[in-house]
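Participant: Starting from these lines, generate the structure:
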Amino acid sequence: MRAKVVIISIISVENIAILFHFIDMNPELFVSLHPVMKNLSLYHLRPLMLNVGFASHHGDWNWKNVRSPFARLYYVTEGTAQIKLPTCVITLRPHHLYLVPPYIVHNDICHGFFAHYYIHIYEEQRVLEDWDFPVEVNGCEIDQHLMQRLCETNPWMRLPQSDPASYDNRTTLKDNILRNRQLPFCDKMESRGILLIFLSRFLRQAKPRNRVSDKRIAQAMDYARSNISSHISMEQLSSVACMSKDHFIRMFKKETGQTPNAWLISKKMERAELLLVTTIQPVKQIALSLGYEDMAYFNRLFRQHVGMPPQQYRLSATNA
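Facilitator: Now for the predicted structure:
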């Protein structure tokens, strides 16, 4: 009961960072409250806020084929709109929170009045990529105040316009990441605390994505993530897992539902997307940095994964 009393007594906007520091230092007190976070560490979960602001629309929030390496979080205050995802259409309603994951192609649809707060979140360590999050969760009374506080603390992060093409570009994204890291420590601490509160709402209902029970497979996946910029062979991964190559491939597919090669390619292509929109490296250099010497093969894999060749993807993300 003492832990719960502490939470209630300090949960104000100004002391959010203190709350999360207390949770991080005393995780055993909160496992029952947050079972989905049992194996996660707040130390490694460091979301960067790229943009935050408030926007109102009158039938003009209509964008097609939006895709980027950051997540979008919305809190709706008035009106309705829709997001068309690959598997469903979500209606955005007042007093609800919405989370669109990175690398998901979607369309924004609005036919009338629609007002919402938005946050664009870049999670560099990809700690949350192994979880399936709900797109919609109920909001709380404090949510609008938290959004207002983020806007007050970070007024320069407001988007000048709502067209995704105006901010899904390598110059803006790179500048925003740098600007976020240069925030005064107190503002960075408070903003991170608020972001974690919003993410925790979705984590409560999140489900593990292909949770790997075999520690040998998990070890191989960790190795691949840590060496994503290198050429990685199945022999290397099976060696890390201490298995024969054939046995490793069978066990990997049993654990994840994918072959190790398909999983590895998807991670490399996501890394390529990020490099295309955050750097000025030539496509050939990006391919080489990910272990691909054959440009034709790299281009074919990228097109299969994203739906367009690398250069077109870069242009579509940088032209307003």
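Participant: name the helices or strands packed onto the host helix or strand of Val277?
Facilitator: Following DSSP states H and E, the helix or strand that holds Val277 is helix 260-278. Other helices and strands packing on helix 260-278, by 3 or more CB pairs under 8 Å, 6 or more residues apart in numbering; DSSP states H and E, are helix 170-181, helix 215-226, helix 234-240, helix 245-256, helix 283-289, helix 295-306, helix 310-318. In short, each C-beta sits where N, CA and C put it, glycine included.
Participant: Least confident of those, on average?
Facilitator: Here these differ in mean pLDDT, and the lowest is helix 170-181 at a mean of 70.
Participant: Next secondary structure after that helix?
Facilitator: Sequence-wise, the next helix or strand downstream of helix 170-181 (DSSP H and E) is helix 185-203.
Participant: Buried residues, that following helix. List them.
Facilitator: Buried residues in helix 185-203, counted by 16 or more other CB atoms under 10 Å: 188, 190-203.
Participant: got it, and stretch 276-283?
Facilitator: Result for stretch 276-283 [16+ other CB under 10 Å]: buried residues Leu276, Val277, Thr278, Val283.
Participant: what residues are up against Pro69?
Facilitator: By CB atoms under 8 Å, 6 or more residues apart in numbering, Pro69 lies in contact with Pro102, Tyr103, Tyr122, Leu173, Glu270, Glu273, Leu274, Val277, Thr278.
Participant: Which of the three states applies to it?
Facilitator: coil (DSSP: H, G, I helix; E, B strand; the rest coil).
Participant: Need phi/psi at it.
Facilitator: Per-residue torsions, Pro69: phi -80, psi 20 (degrees, to the nearest 10).
Participant: Quick check: closest non-adjacent residue to Met147.
Facilitator: Leaving aside its chain neighbours, Met147 sits nearest to Tyr117 (4.0 Å; criterion: CB to CB, 6 or more residues apart in numbering).
Participant: Residue ranges in the chain under the pLDDT threshold?
Facilitator: Across the chain, the ranges flagged by pLDDT under 70 are 1-44, 124-127, 164-174, 210-211, 316-320.
Participant: excluding its backbone neighbours, what's nearest the most centrally placed residue in it?
Facilitator: By CA atoms, centre = their mean, the chain has its centre lying nearest to Ala71, at 4.3 Å. Spatial nearest neighbour of Ala71, excluding adjacent residues (CB to CB, 6+ apart): Ile121 at 4.6 Å.
Participant: Any idea what Lys207 is bridged to?
Facilitator: Beta-bridge pairing of Lys207, defined through DSSP bridges, involves Asp132.
Participant: Could I get the helices and strands packed on helix 260-278 in CSV, plus columns for distance to Gly139?
Facilitator: Shown next, in CSV, are those (distance: least, CB to CB, whole Å):
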stretch, distance to Gly139
helix 170-181, 25
helix 215-226, 33
helix 234-240, 43
helix 245-256, 34
helix 283-289, 40
helix 295-306, 33
helix 310-318, 31
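Participant: Which of those sits closest to Leu50?
Facilitator: helix 170-181 (4.3 Å; CB to CB).
Participant: host element of the residue nearest to Ala71?
Facilitator: Taking DSSP H and E as the definition, Ile121 sits inside strand 113-123.
Participant: Leu183: how many residues sit nearby?
Facilitator: Per other CB atoms under 10 Å, the neighbour tally for Leu183 reads 19.
Participant: Please produce a markdown table containing the contacts of Pro69, extended by distance to Met221.
Facilitator: A markdown table is the format used below for the contacts of Pro69 (distance: CB to CB, whole Å):
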| residue | distance to Met221 |
| --- | --- |
| Pro102 | 19 |
| Tyr103 | 18 |
| Tyr122 | 22 |
| Leu173 | 27 |
| Glu270 | 14 |
| Glu273 | 20 |
| Leu274 | 19 |
| Val277 | 25 |
| Thr278 | 24 |
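Participant: Spatially, which two of the residues you listed are the most separated?
Facilitator: Taking CB to CB as the measure, the contacts of Pro69 span a maximum distance of 14.6 Å, between Leu173 and Glu270.
Participant: So those two - more neighbours on which side?
Facilitator: Leu173 (24 against 18).
Participant: Buried ones in stretch 143-155, by neighbour count?
Facilitator: Asp143, Leu146, Met147, Arg149, Leu150, Cys151, Thr153, Asn154.
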